[in-house]
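K.L.:
I'll drop the sequence and a predicted model, then ask my questions.
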Amino acid sequence: MSRKTRRDDDGAEVKDDRVSDLSDDILYHILSSLDDTKLVVQTSVLSKRWRDLWKDVGVLNLNQNSSAIQGGINFVRKFLHLRSQQATIDKVSLTSNYARGKNRDDLGILLDDEPLEMVLDHAAGRTKHRESSLEALELVDCDRVDLGSISGGCRMLTTLELRGCEGMVSRGHDDDPFANIPLLRCLKLLDCSLWSSSHRFKVTGLQLLRLEIRSSRWFSVSQVLAPKLESFCFTTHVSHMVELPELNLPSLDRATVSMVSYPDAGLYNELGWCSRVAVNFLQGLRNVKSLDLYFEDVVLYLSYSFTPRIDA
């Protein structure tokens, strides 16, 4: 489409500003789709009519690094302070971009105890009687993540994704940290180290439709209870330190299971340890319509007939 142009008083060509003619809703959507809210605001020149719209966007994307932590904290404070009373936060994405192992504790405090705490408090409303508006939360490479606090303060979440995070399941939530998120439909726990008093916890969700777990040796899911779950992706390292969960998934449509052996797990494989836990695990997938299994350096001795259900 050709761009309309006009001439100013000096005869210079001036392009029409078509963006400013868009509705506020469309501009909110555009601003909410950008990768880094702070970078976009600092590097963009917006027209007077909509230069303040960024303050009320429903999606906040923060891409933090070790050289700009304090600037990120100040930006979040300003962002939350300038928002109108009616504006809600629907999704928060917080990514920590820095070399792991360098000032990890200090960086964890700054990243998680400052911006995340402020955003979650704001999402929960300025009064104790207002329900949280936050529907999606994505945390990447963050420290000191408390699943209990997220569960208690973000009851409207429909999507929760943790990738490469370290944290804890606070006391009182260590049995089932997701029990207080009744609307949760998509849950991803990928390469996280999550500590609880028992080192094992349940994943339950009456509305859960999609679940992806890529576990480390530092936590185990003891049970997955999700009557409406349609998609299940599970990757685990097999050793005597990791136990496979008990499954109750009557509506499961498709599942992908990957098992990778730790170097020190060979003895347990030869003794049939993997065979026993694998059989119990596979029994929980007996209703699945489509199943993909991947094994790497895992020796299984199975005498088990497994036939996925196929609907005509």
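P.N.:
Thanks, I have it. Numbers count the residues shown, from 1 in each chain.
K.L.:
Can you pull the phi and psi angles for the nearest residue to Leu60 once chain neighbours are set aside?
P.N.:
Nearest non-adjacent residue to Leu60, counting by C-beta to C-beta, 6 or more residues apart in numbering: Val92, 5.1 Å away. Bear in mind the C-beta positions are built from the backbone N, C-alpha and C, glycine included. The phi and psi values for Val92, taken as degrees, to the nearest 10, are phi -130, psi 130.
K.L.:
May I have the beta-bridge partners of Val92?
P.N.:
Leu60, Leu137 (DSSP bridges).
K.L.:
With Gln207 as the reference, measure out to it.
P.N.:
Remark: distance between Val92 and Gln207 (C-beta to C-beta, to the nearest Å) = 20 Å.
K.L.:
Neighbour count: these two, which is higher?
P.N.:
More crowded of Val92 and Gln207, by other C-beta atoms under 10 Å: Val92, with 22 against 14.
K.L.:
The more buried one contacts Leu137, doesn't it?
P.N.:
Yes. Using C-beta atoms under 8 Å, Val92 is in contact with Leu137, at 5.4 Å.
K.L.:
Low-confidence regions, the stretch 151-300 of the chain specifically.
P.N.:
170-174, 197-199, 216-219, 238-243, 261-278, 296-300 (pLDDT under 70).
K.L.:
In it, mark out all the strands, start to finish.
P.N.:
159-163, 166-168, 186-190, 193-195, 200-204, 210-214, 220-225, 231-238, 246-248, 254-261, 290-296 (DSSP state E, counting those that start in this stretch).
K.L.:
Now that we have those, can you turn them into a markdown table and tack on distance to Val41 and mean neighbour count?
P.N.:
Below are the strands of the stretch 151-300 of the chain laid out as a markdown table (distance: least, C-beta to C-beta, whole Å; neighbours: other C-beta atoms under 10 Å):
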| stretch | distance to Val41 | mean neighbour count |
| --- | --- | --- |
| strand 159-163 | 24 | 19 |
| strand 166-168 | 29 | 21 |
| strand 186-190 | 28 | 19 |
| strand 193-195 | 33 | 17 |
| strand 200-204 | 37 | 19 |
| strand 210-214 | 32 | 19 |
| strand 220-225 | 39 | 19 |
| strand 231-238 | 36 | 20 |
| strand 246-248 | 45 | 18 |
| strand 254-261 | 39 | 18 |
| strand 290-296 | 43 | 13 |
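K.L.:
To Gln283, which of the ones you listed lies closest?
P.N.:
For Gln283, the closest of the strands of the stretch 151-300 of the chain is strand 246-248, at 7.9 Å, according to C-beta to C-beta.
K.L.:
any chance of the strands of the stretch 151-300 of the chain in a markdown table, plus distance to Ile26?
P.N.:
Output for the strands of the stretch 151-300 of the chain, formatted as a markdown table (distance: least, C-beta to C-beta, whole Å):
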| stretch | distance to Ile26 |
| --- | --- |
| strand 159-163 | 23 |
| strand 166-168 | 37 |
| strand 186-190 | 26 |
| strand 193-195 | 39 |
| strand 200-204 | 38 |
| strand 210-214 | 29 |
| strand 220-225 | 40 |
| strand 231-238 | 32 |
| strand 246-248 | 44 |
| strand 254-261 | 35 |
| strand 290-296 | 39 |
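K.L.:
Quick check: which of the ones you listed is nearest to Ser23?
P.N.:
Using C-beta to C-beta, the strands of the stretch 151-300 of the chain put strand 159-163 closest to Ser23, at 26.3 Å.
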